[in-house]
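*Asks:* Please work out how this folds:
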Amino acid sequence: MDELFAQKWKWFIGLGIITLVLGCLALLDTVLVTIAVVIALGVVLILTGIAQIFHACYVKGWKGFIFSALAGIVYLVGGILLVKGPVLGSLVLTTFLAICFCFGGIMRIMIALNHKSTGGWGFLMFSGIMGIIVGVMLFIQPLSGLWFIGFMIAFDLIFVGAGWIQLGLNLKNKIK
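*Replies:* Next up is the predicted model:
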């Protein structure tokens, strides 16, 4: 391992601590985190929609004008709806995630069954089953959309932070 890289171990631990703390804070109020993320997504969609509409109008002589303008309008309207109704938006996004989890789970199970002769197919099967379970749970409890997105963000931040800390500690041990 590059000695110069290993000497930066404190930066990795620092990043890990900050990320881990932010994840723990996010875990304290997952509903607030969910609403903040939905509003932020709405703002991004609004800005993208405006840019897309301006672009479409600026190059209106090209064949894709109508599709480009319509895409911009869809982004803009979707963004406005998310900003004005982040609670409903979180429920809609969670329903979409539930569909993705179920579909992804089914696909992983099909791949695993088609590749039984390949080692490691069991874990792929397990991940497919877990994806379906999570998807079904989200469908059964639609109000979970109020906390699910925030919980997943907090969960990710906690584990990413722990990962950075572990990497930093391993780098520290590599210094001669």
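*Asks:* Which parts of the protein are helices?
*Replies:* For the chain, the helices defined by DSSP state H occupy 3-6, 9-28, 30-58, 65-84, 86-114, 121-140, 145-174.
*Asks:* which residues sit in contact with the residue lying closest to T30 once chain neighbours are set aside?
*Replies:* Nearest non-adjacent residue to T30, counting by Cβ to Cβ, 6 or more residues apart in numbering: G150, 3.3 Å away. For glycine as for every other residue, the C-beta is placed from the backbone atoms N, C-alpha and C. Contact partners of G150, counting by Cβ atoms under 8 Å, 6 or more residues apart in numbering, are A26, D29, T30, V31, L32, V33, T34, I35, V37.
*Asks:* do that again at 10 Å, thanks
*Replies:* Residues near G150 by Cβ atoms under 10 Å, 6 or more residues apart in numbering: 26-38, 90.
*Asks:* so who does P142 touch?
*Replies:* L91, V92, T94, T95, A98.
*Asks:* Rebuild those as CSV, extending it with neighbour count, distance to F54 and pLDDT.
*Replies:* Listed next are those as CSV, based on neighbours: other Cβ atoms under 10 Å; distance: Cβ to Cβ, whole Å; pLDDT from 0 to 100:
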residue, neighbour count, distance to F54, pLDDT
L91, 19, 31, 91
V92, 17, 27, 90
T94, 24, 32, 90
T95, 15, 31, 91
A98, 22, 35, 92
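*Asks:* Of the contacts of G150 - the most surrounded one?
*Replies:* Within these, most neighbours by other Cβ atoms under 10 Å means T34, with 28 neighbours.
*Asks:* Can you give me every residue that contacts that residue?
*Replies:* Applying Cβ under 10 Å, 6+ apart, the residues near T34 are 26, 86-87, 89-91, 93-94, 145-154.
*Asks:* Find the nearest non-adjacent residue to it, please.
*Replies:* In space, T34 is closest to G150, 3.8 Å off (Cβ to Cβ, 6+ apart).
*Asks:* any idea how far the one you found lies from M125?
*Replies:* As judged by Cβ to Cβ, to the nearest Å, G150 and M125 stand 30 Å apart.
*Asks:* All set now, cheers.
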